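> what's the 3D shape of this:
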Amino acid sequence: MIDRRAELDSSVEVGPGTVIGPEVRIGAATRIGPYAVIEGHTTIGARNRIFQFASIGAAPQDLKYHDEPSRLEIGDDNRIREFTTIHRGTEGGGMLTRIGSHVLVMNYVHVAHDCRVGDHSILANSTEIAGHCVLEEWVVTAGMCGIHQFSRVGAHAMLAAGSKVAQDVPPYAMVAGDRARMVGINAVGLERRGFSPAAVAALRSAFRTLFYSKLLRDDAVKQVLDQHGALPEVRRLIDFIRASERGVVSRDRD
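Numbers count the residues shown, from 1 in each chain. Take a look at the predicted model:
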C-alpha cells in the first residue's frame, strides 16, 4: 500500500503487504521486503535493502513528542534487517534522526529518536540505542548491547556482546561488561581498516597512559600530546575525551 504522494524512484522494488506513507522519499535501486512499514518525513537514499517487518520512520517513543514534523534520513547502500525499528527525531534533538551510508543494522535493533549513526557502522542483533545518541563512523556493536541516552560512541570503537554503555566510549576503544568498562584498543578492527602500525602503536601507548596509569586526567592528556600529538588519530582521541559531557568509560578498578 503506497500512498500516491510518496516519491519512489522508478527502480525501487516493494514487497507485498508493505505500507509506505505520503511523506516518504526513496532513492534508486532500493529494495524493500514484504510487510515493512515506512512512514513519516522519511528520506531513504539509493541501493538500500530493507528486509521484511522493519518499522522505519515511526513516531518517537517520547512523551514530549506532539506530532511535530520531525524527520528521518537514511543514506545509501545500507542493509536494514528484520524487525528493526528506527524512529524519527523530536523538537528537543534537532528534529532529525540520521543513519549514514554502508551501515548494517541487524535483526531487532532499535535506533531511537534524534540519534546519529555514522557510515560503515555495524549494529548487531538486539542492540538498543536510546535517544540522542551519537555513533561515529565504523562503530561495531556485538549482540544485545544497550546504549544510554545522550551517550556518544567514538569512531572505530567496538562494543562486546551484552555491553551496557552508560558513558561515552572513546574512539578506537574496545569495551565490555555491565556497566561497560575499557578493555583496550580495537586493534583488530584498526588493522583491518588499514591503520598504520605506527598509529596503532601510538594509540596503544595513549590508552595505557590515559586509562591504565595513575596520572590525573589532565596530566595524562598532556603526556599523550607531548609524546604522540603529531598523529591525527591521537588528537581525535584527546578531542573526544575533552568534549565529553557524560565522562568516558574507564577501566575496571578492581
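> can you tell me how far the residue nearest to residue 151 when sequence neighbours are not counted sits from residue 94?
Spatial nearest neighbour of residue 151, excluding adjacent residues (Cβ to Cβ, 6 or more residues apart in numbering): residue 133 at 5.2 Å. For the C-beta atoms, the positions are set from N, CA and C on the backbone; glycine is no exception. Going from residue 133 to residue 94 by Cβ to Cβ, to the nearest Å gives 13 Å.
> the more surrounded of the two?
Shown here are residue 133 and residue 94; by other Cβ atoms under 10 Å, residue 133 has more neighbours (23 against 14).
> For that one, what are phi and psi?
phi -90, psi 150 (degrees, to the nearest 10).
> Look up how far residue 28 lies from it.
30 Å.
> contacting residues for residue 90?
Shown in contact with residue 90 (Cβ atoms under 8 Å, 6 or more residues apart in numbering): 60, 62, 64, 65, 68, 70, 113, 114, 131.
> which residues of the stretch 101-250 of the chain fall in strands?
104-105, 110-111, 116-117, 122-123, 128-129, 134-135, 140-141, 146-147, 152-153, 158-159, 164-165, 173-176, 181-185 (DSSP state E, counting those that start in this stretch).
> So what's the gap between the second one and the chain middle?
Think strand 110-111. How far strand 110-111 lies from its chain's middle: 9 Å, per Cα atoms, centre = their mean, to the nearest Å.
> With the fourth one instead?
Offset of strand 122-123 from its chain centre (Cα atoms, centre = their mean): 7 Å.
> next one: the first one
Distance of strand 104-105 from its chain centroid, counting by Cα atoms, centre = their mean, is 10 Å.
> can you check the longest one too?
Between the centre of strand 181-185 and the centre of its host chain there is 19 Å, according to Cα atoms, centre = their mean.
> Which strands or helices does it pack on?
Judged by 3 or more Cβ pairs under 8 Å, 6 or more residues apart in numbering; DSSP states H and E, the packing partners of strand 181-185 are strand 173-176, helix 197-207.
> The ones you listed into JSON lines, with extra columns for distance to residue 105?
Compiled in JSON lines, the helices and strands packed on strand 181-185 are given as follows (distance: least, Cβ to Cβ, whole Å):
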{"stretch": "strand 173-176", "distance to residue 105": "20"}
{"stretch": "helix 197-207", "distance to residue 105": "28"}
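> Please identify which of the ones you listed is closest to residue 237.
helix 197-207 (6.1 Å; Cβ to Cβ).
> Much appreciated, bye for now.
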